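**Q** just need the structure, nothing else, for what follows:
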Amino acid sequence: MSESLAITKFSDLANPTRFLALAARILPWMASITAILFAIGLYLSFTTEGDYQQGQTVRIMYIHVPAAWLSMMCYTVMAASAIGTLVWRHPLADVSHKAAAPLGAAFTLIALATGSLWGKPMWGTWWVWDARLTSVFVLFLMYLGLIALNRAMDDPSRAARVSAVLILVGFVNIPIIKFSVDWWNTLHQPASVVRMDGPTIDPEFLWPLLIMAIAFTLLFFTLHVMAMRNEIWRRRIAAQRRMAARMAGREA
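**A** The predicted structure follows:
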């Protein structure tokens with residue numbers, strides 16, 4: 001019974017009007033919680049002691065690591081939305097992955113920029129073409145390509161199908177990014193938080209990092225819902241303009 005109810009609720013969100021109503025209710029709460037978590041996370045990030053090896057540059061971690069996580073999570077959300085477009089023809093699935101692409105590009109750019117700032121004092125260079133950095137850079141280019149494709153095609157339904165296929169093909173890069181430090185010898189350090197044997201990072205750094213990661217995640221979902229709402233409105237306005245143009249043509 002509960003499963004059928006969940007499916008019904010999911011189907012209800014296929015109605016853009018119902019989605020807009022839900023977005024209007026939850027966005028203030030999401031934005032407020034996000035702001036509170038960022039305030040707590042930033043306070044802890046600036047009040048913790050510096051690392052004995054990295055000094056104050058370790059604070060870049062509180063921005064770099066969540067942004068890197070979000071760059072992959074955002075693409076995963078896009079891949080799930082792409083399946084919704086191709087398999088279930090969910091009306092909002094293409095809205096979801098179209099709205100998520102610019103956000104993913106922004107988080108990936110932040111990860112690349114902060115990683116470069118962090119790498120210079122630690123590695124002695126701004127950039128190296130190792131497996132982790134190169135695969136993340138490829139992810140950034142993939143985001144840009146999908147954004148360009150969505151803007152270049154006039155037919156939204158055709159653009160949604162083509163984008164969905166490319167998103168699923170490109171998803172192979174996500175496990176490459178995740179496991180690149182394990183498969184190849186790279187300058188980038190291996191995972192220190194999500195590990196089978198538990199985190200290896202000191203709790204003094206771990207708690208601010210986790211709070212910032214949750215804040216970044218909520219920020220993404222808040223911006224994603226807002227972007228989906230704006231895309232629905234944009235499509236409605238475009239449809240009204242096309243209808244007005246047809247009516248004017250008939251009257252002429």
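
**Q** host element of the residue most central in space within the chain?
**A** The centre of the chain sits closest to Cys74, judged by Cα atoms, centre = their mean, with a distance of 2.7 Å. Per DSSP states H and E: Cys74 is located in helix 61-83.

**Q** longest helix anywhere in the chain?
**A** helix 203-251 (DSSP state H).

**Q** what is the rounded mean pLDDT of it?
**A** If you average the pLDDT over helix 203-251, you get 88.

**Q** ok, back up a step: hang on, isn't the residue nearest to the centre of the chain packed against Leu219?
**A** No. If you go by Cβ atoms under 8 Å, Cys74 and Leu219 don't touch, sitting 11.2 Å apart. C-betas here are computed from N, CA, C, even on glycine.

**Q** list the buried ones in the helix or strand where Leu117 lies?
**A** For Leu117, the element it lies in under DSSP H and E is helix 93-123. Going by neighbour count (16 or more other Cβ atoms under 10 Å), the buried part of helix 93-123 is 93-108, 110-112, 114-116, 118-119.

**Q** and that helix, what does it pack onto?
**A** Packing partners of helix 93-123 (3 or more Cβ pairs under 8 Å, 6 or more residues apart in numbering; DSSP states H and E): helix 61-83, helix 131-152, helix 156-170, helix 203-251.

**Q** out of the ones you listed, which comes closest to Val181?
**A** helix 131-152 (5.6 Å; Cβ to Cβ).

**Q** list the contacts of the residue nearest to the centre of the chain.
**A** With contact set as Cβ atoms under 8 Å, 6 or more residues apart in numbering, Cys74 has these partners: 100, 103-104, 107, 220.

**Q** ok, so of those, who is nearest Arg235?
**A** Distance to Arg235 across the contacts of Cys74 (Cβ to Cβ) is lowest for Ala100, with 16.1 Å.

**Q** I figured the closest one hits Ala227, correct?
**A** Yes. With contact defined as Cβ under 8 Å, Ala100 reaches Ala227; the gap is 7.5 Å.
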